[in-house]
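**Student:** Coordinates only, no sequence provided:
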């Protein structure tokens, strides 16, 4: 199997995740702006999750370009990542329905933390396919975003019990950090 098949499968799963999230929206009962405002927490949680799934899709796409040899280990690590990402619609809906109550918000942070850890495992496995002195291995070693994000997810999960606003700040902070695409892989590809 080539990496492009795994990428196509992953793209399909991520598209379904986004579709499931948007299908959670029910048409408001009212016919004015107030009825839409009542959906505010659901809309906000959807925006968070849409951005996060988009970030994973973008970086996953770049990462898979560095696969040299497809094997069962990579496929299982990719499935582990997709498993955690597939739970995002559930936590998104629960968080929005509960108006960012502590436990749903904390669980959202934990799911994002586990997805980040799974992505890191996949990334490590792909790096091992390259020589330790390759431009790709060198570029991936400078992963400050990958190091700080899990810590921020953990802080977001814990602070959910203090204030959903504080927790939300950390979710937004991670998203802002990652919204700028990771150029390390592009630089490594040019270095080949």
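**Tutor:** Structure's in. What do you need? Since the structure is predicted, the reported quantities are computational estimates derived from the model, not experimental observations.
**Student:** What is the least confident helix or strand in this protein?
**Tutor:** helix 184-191 (a mean of 63; mean pLDDT, DSSP states H and E).
**Student:** burial measure for residue 62, as a count.
**Tutor:** Using other C-beta atoms under 10 Å, residue 62 has 16 other residues around it. (Each C-beta comes from the backbone N, C-alpha and C, glycine too.)
**Student:** Report the secondary structure state of it.
**Tutor:** Following DSSP: H, G, I helix; E, B strand; the rest coil, the label given to residue 62 is helix.
**Student:** From residue 163, how far out is it?
**Tutor:** Distance, residue 62 to residue 163, by C-beta to C-beta, to the nearest Å: 35 Å.
**Student:** what sits up against the host helix or strand of residue 15?
**Tutor:** Assigned by DSSP states H and E, residue 15 falls within helix 3-23. Helix 3-23 has contacts (C-beta atoms under 8 Å, 6 or more residues apart in numbering) with 46, 49-50, 53, 56-57, 60-61, 64-65, 67, 70, 74-75, 78, 82, 85-86, 88-89, 92-93.
**Student:** Kindly report the same for stretch 44-60.
**Tutor:** Outside stretch 44-60, the residues that touch it by C-beta under 8 Å, 6+ apart are 7, 10-11, 14, 17-18, 21-22, 24-25, 81, 85, 88-89, 92-93, 95-96, 100, 108, 112, 115, 119, 168, 171-172, 175, 178-179, 181-182.
**Student:** All the helices of this protein, in order from the start?
**Tutor:** For the chain, applying DSSP state H gives helices covering 3-23, 33-37, 40-64, 72-86, 88-97, 102-127, 135-140, 144-159, 164-179, 184-191.
**Student:** looking at these, which has the lowest confidence?
**Tutor:** For the helices of the chain, mean pLDDT drops lowest on helix 184-191, to a mean of 63.
**Student:** Got the phi and psi for the residue of the chain most remote from its centre?
**Tutor:** Ranked by distance from the centre of the chain (C-alpha atoms, centre = their mean), the top residue is residue 31, with 34.5 Å. For residue 31, the backbone dihedrals are phi -120, psi 30 (criterion: degrees, to the nearest 10).
**Student:** And for residue 39?
**Tutor:** According to degrees, to the nearest 10, residue 39 has phi -80, psi 0.
**Student:** contacting residues for it?
**Tutor:** Shown here is residue 39, whose contacts under the criterion C-beta under 8 Å, 6+ apart are 25, 28.
**Student:** ok, now how distant is it from residue 88?
**Tutor:** 19 Å.
**Student:** And residue 24, by the same measure?
**Tutor:** Residue 24 is 11 Å from residue 88, by C-beta to C-beta.
**Student:** do residue 123 as well
**Tutor:** Distance from residue 123 to residue 88, by C-beta to C-beta: 19 Å.
**Student:** do the same with residue 147
**Tutor:** Residue 147 is 22 Å from residue 88, by C-beta to C-beta.
**Student:** ditto for residue 10
**Tutor:** Using C-beta to C-beta, we find residue 10 at a distance of 14 Å from residue 88.
**Student:** Nice, that's everything, thank you.
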